[in-house]
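Trainee: give the three-dimensional model of this entry:
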Amino acid sequence: MVLWSVLPLLLTGSGEAEPGQDTPVARHGPLRVEKGAVVGRHGRPVSLAGPSLFWSQWMPQFYNRRCIDWIARDWRAGIVRAAVAVEPNGYLENPEREWRKLEAVADAAIANGIYVIVDWHDHRAHEHAEQAVGFFQRVARKYGDKPNVIYEIYNEPVRVPWSGVIKPYSERVVRAIREIDPDNLIVIGTPSWSQDVEVAAADPVQGRNLVYALHFYAGTHKGWLRDKAEKALASGSALMVTEWGTTLASGDGPVDRASTEEWLAWMRSKRLSWCNWSIADKRESSAMLQPGAHPEGGWKDSDLTESGRYVRDLIRSWGY
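Mentor: I've put the predicted structure just below:
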């Protein structure tokens, strides 16, 4: 049984963070892009750390208020990512079911004063542009006035070109969001599973507060991918690591601590924000939770995998 009464009393009876509380959003306010960096209202670069939830249609049990409370309070996360699954058996087929999961996560993140990435978790988003526009306009209407919310409009494009496919899709979705929300960050996926960030940076989408997604898995992706990211940064583009893992790109294999430490040092030096994959109890080494872990948090060390213990401690020590 989880003894929630022993948690810090961070919330008022209304469920909102107390005024003046030192939450990430209270500290940094609305995020924006300035000179190729994500900065807060104080004008300084902001580097946030937290977990990504797993595909919402396959791990729905973790899309709940108490799970996010635990991540915010016990893990001291500054950000969380809601991976709203598009297909199979996701938002395209069950939009209201998946929307309710997003609401649970977004509302909890806002109440805890942390940032939330609303991720259109799709590998073929350009084929679902109409649905993406409708989804993100719905998100913007409900949450666009909240500084907590970050839009991620295309999780991981696969083998499709930037200029002819991904960029036009991104321009369309960005315009749709900006009709409602003129300011909050928008993260744009990049070719080859959000790795070819330098390709996007060479032919950027025009607009304010736009960021490119960089994804990596430490066991597979090494210095060559950081070199690509360096080119993007040098061109003046802003980056956010909205998904990364400690393992192979398959999500399995050993935890590669040596490569992970190299990536962490690099992300810290560039003041990048990140979300680790993933809050899940799937039997694979990138999952943070052991099979059967309680869906509402309250996790002990024994409830966490090797990667889960490692990443939780990273999040706790990252600061915001």
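Trainee: which residues in the stretch 151-300 of the chain form helices?
Mentor: 167-178, 191-194, 197-202, 223-234, 257-270 (DSSP state H, counting those that start in this stretch).
Trainee: may I see those arranged in TSV, with mean neighbour count as well?
Mentor: Just so you know, the C-beta spots here come from the backbone N, C-alpha and C atoms, and that holds for glycine as well. Below are those laid out as TSV (neighbours: other C-beta atoms under 10 Å):
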stretch	mean neighbour count
helix 167-178	19
helix 191-194	21
helix 197-202	22
helix 223-234	16
helix 257-270	15
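Trainee: how about those in JSON lines, adding mean pLDDT and distance to residue 63?
Mentor: Formatted as JSON lines, the helices of the stretch 151-300 of the chain follow (pLDDT from 0 to 100; distance: least, C-beta to C-beta, whole Å):
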{"stretch": "helix 167-178", "mean pLDDT": "98", "distance to residue 63": "22"}
{"stretch": "helix 191-194", "mean pLDDT": "98", "distance to residue 63": "22"}
{"stretch": "helix 197-202", "mean pLDDT": "98", "distance to residue 63": "29"}
{"stretch": "helix 223-234", "mean pLDDT": "98", "distance to residue 63": "30"}
{"stretch": "helix 257-270", "mean pLDDT": "98", "distance to residue 63": "26"}
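Trainee: residues contacting the residue nearest in space to the middle of the chain?
Mentor: The chain has residue 81 as the residue nearest its centroid, 3.5 Å off, counting by C-alpha atoms, centre = their mean. Residue 81 makes contacts with 50-53, 116-117, 119, 152, 242-243, 275, as judged by C-beta atoms under 8 Å, 6 or more residues apart in numbering.
Trainee: so of those residues, which ones are in strands?
Mentor: If you go by DSSP state E, the contacts of residue 81 have 50-53, 116-117, 119, 152, 242-243, 275 in strands.
Trainee: pick the one among those residues closest to residue 201.
Mentor: Minimum separation from residue 201 among those (C-beta to C-beta) is found for residue 242, which lies at 16.1 Å.
Trainee: what's the pLDDT at the closest one?
Mentor: Looking at residue 242, its pLDDT stands at 99.
Trainee: pretty sure it contacts residue 187?
Mentor: Yes - counting by C-beta atoms under 8 Å, residue 242 touches residue 187, with 5.8 Å between them.
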